[in-house]
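*Asks:* Generate coordinates for the sequence data below:
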Amino acid sequence: SVPTPDVRRDAPTRHDPSEQPTVTSIRMRPFDVGLVVLLSAMSASPAVRAGPPPQLSVGVAPRVAAVERSGITGGGVPVASGDRVLLFYPNHPDDFGGSGGTASSLSDDAGRRWTALDDDRPLPDMVDVWADPLPDGSWLAFGLGWVPDPQRRTELGPGDVPTDAYHAAFSRDAGRTWTVERATIEYPPEIGVVARPLPHVVVLNDRRLVMPAYAWGKHGHSALLLESTDGGRRWTRAATICTTSDLVQAGIPPRTPWLETTVARTTDGDLLAAVRTGSAADSPLAAVRSGDGGRTWSAPEPWTAGASRSRVAGKLPTLTLLPDGVLLLLTAHSRNHCRLYVSADGRGREWSEPYVVTSQSGGNAGMCAASRDSVFISTPMNGRIHVWRVTVGPSSETAAELPPPTDVAFRDGVLTWNPAPGAAAYRVTPVLQRLPPAADPATELLRYATIETAGPKTELDLSRQLLVGGEYEFEVRAIDRDGRTSPGAKSRTAQVMR
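*Replies:* Predicted coordinates for the structure are as follows:
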């Protein structure tokens, strides 16, 4: 759950140096070609659902490798318009400025096939780049050419930032051509230094652009909201979302200086922020809410989800409000799956139990809207970036008269079954029965999202996405041409070895 607004004074909070956080090492459903129109409509007024939220299901298309390249550790950030999807990612290790360079990969068929593009395009010599669509159909890419030295995080201020630290690029043809300009971020010296602006750019009703960032200072660190009134060239601090002192007072003491923050609109007109506080399971995300366009923010509270109000922890959280009014939260941890949470009514106060997208992922995953009811999620894994098309929609009707598949079997990472008469596609649900004997204490026994095949093929490669050493049962259902599902057929329990 996410707190009801409890508006506080928006001013920097002095922080006792003894409370400084400890430093830890980190860091297929047809595509809707009207996405740009939908995003434009959402910038004016988010969809509001009448009555109780519907029963929703989460379905994942089979994984696709968008990138295979040694030395990369992050999942990048996708951006989509129609069938065209671009994935921007750092082509270097996650060493916070120790190395640089970015790359991109392109899909022209809604994420089914990918082609590598030239490195350092459209912004050369960047540490990181991402892009977002704007309501007029253009794309805004923001690039970081510099990040501060973490060892000097309490010493630096605005005067230490190079004049070419930030750049913006603008495209009116879905990333085929770009116009590059220098960008600036301005803020008062008591903030310290902006360590990292973060995805995504959000367009508000008054046409302001806002994006999150976090800053380091000698009086403590902070999560910020930046704003631009000139289309993304000049950014200033709109407000402080929360400080390390606020988090300590809320009982969520940060255990990392990387206060990675994401911000999204909600269907009731608020802005909702999720702030990372650490890397372990006992460091939940913080939930902070603004009811006045980001000018003032509530006190932070631990982020919880599900009927048991379990705390949600993870790295680099991402919030996305879909055009149909469903709000999603993505977070990941290499020891506890890449997980998706659903707020069915889009208000962000009640959240579903997690849906596991993949268990083989680093912590830096990305997400963007793909259509009215789906997103693209990008996850890193051993020199690869996988992209997943995830659809969130009403649960399908189960028709008892439809024959299920038979002889479901799992061997060497591949699930097979005998076809069901008249099946147009199949839905496969991995069910984790038992954790590996040597599982990390942070690893949880969680529900997986259902995987929907693109056609009537009767095998599915599940390697590189399940928990190695875990014991699973697999349920397969047939889908007819009307979208109804058969009863499920189950496999025997099998151990995943890769």
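
*Asks:* C-alpha from now on. contacts and neighbour counts both.
*Replies:* Noted.

*Asks:* what's near enough to touch the closest residue to R389 other than its chain neighbours?
*Replies:* Of all residues not flanking R389 in the chain, F376 sits nearest, at 4.8 Å (CA to CA, 6 or more residues apart in numbering). Neighbouring residues of F376 by CA atoms under 8 Å, 6 or more residues apart in numbering: P78, M367, C368, A369, A370, V387, W388, R389, V390.

*Asks:* Out of the residues you listed, which sit inside strands?
*Replies:* P78, M367, C368, A369, A370, V387, W388, R389, V390 (DSSP state E).

*Asks:* Tell me who's in contact with the fourth one.
*Replies:* The one in question is A369. Here A369 is in contact with V79, A80, T320, L321, L322, V375, F376 (CA under 8 Å, 6+ apart).

*Asks:* Of those, which is the nearest to G59?
*Replies:* Ranked by distance to G59 (CA to CA), the contacts of A369 are led by V375 at 10.7 Å.

*Asks:* ok, and the residue positioned nearest the centre of the chain, which helix or strand is that part of?
*Replies:* Centroid check for the chain by CA atoms, centre = their mean gives T318 as the closest residue, at 3.5 Å. Assessed by DSSP states H and E, T318 sits inside strand 315-321.

*Asks:* Enumerate every residue touching the nearest residue to A223 once chain neighbours are set aside.
*Replies:* Once flanking residues are discounted, A223 sits nearest to Y214: 4.3 Å by CA to CA, 6+ apart. Going by CA under 8 Å, 6+ apart, Y214 touches V194, A195, R196, P197, H221, S222, A223, L224, W258, L259, E260, T261.

*Asks:* Can you tell me who Y214 pairs with across the strands?
*Replies:* R196, A223 (DSSP bridges).

*Asks:* Could you list everything R434 pairs with in the sheet?
*Replies:* With DSSP bridges as the rule, R434 is bridged to E471.

*Asks:* For burial, what's the neighbour tally of it?
*Replies:* Counted with other CA atoms under 10 Å, residues neighbouring R434 total 15.

*Asks:* do R234 as well
*Replies:* Residues contacting R234 under the criterion other CA under 10 Å number 18.

*Asks:* Please verify my assumption that it contacts E181.
*Replies:* No. Using CA atoms under 8 Å, R234 makes no contact with E181, being 10.5 Å away.

*Asks:* number of nearby residues for W216?
*Replies:* 29.

*Asks:* quick one: it and E190 touch, right?
*Replies:* No. Using CA under 8 Å, W216 is not in contact with E190; the gap is 10.0 Å.

*Asks:* quick one: secondary structure of L156?
*Replies:* coil (DSSP: H, G, I helix; E, B strand; the rest coil).

*Asks:* Quick check on it: phi, psi?
*Replies:* Dihedral angles of L156 (phi, psi; degrees, to the nearest 10) stand at phi -90, psi 160.

*Asks:* Kindly provide the distance from it to S99.
*Replies:* Using CA to CA, to the nearest Å, L156 is found at 20 Å from S99.

*Asks:* Looking only at neighbour counts, state which of the two leads.
*Replies:* When L156 and S99 are compared for neighbours, L156 comes out ahead with 21 against 14, by other CA under 10 Å.
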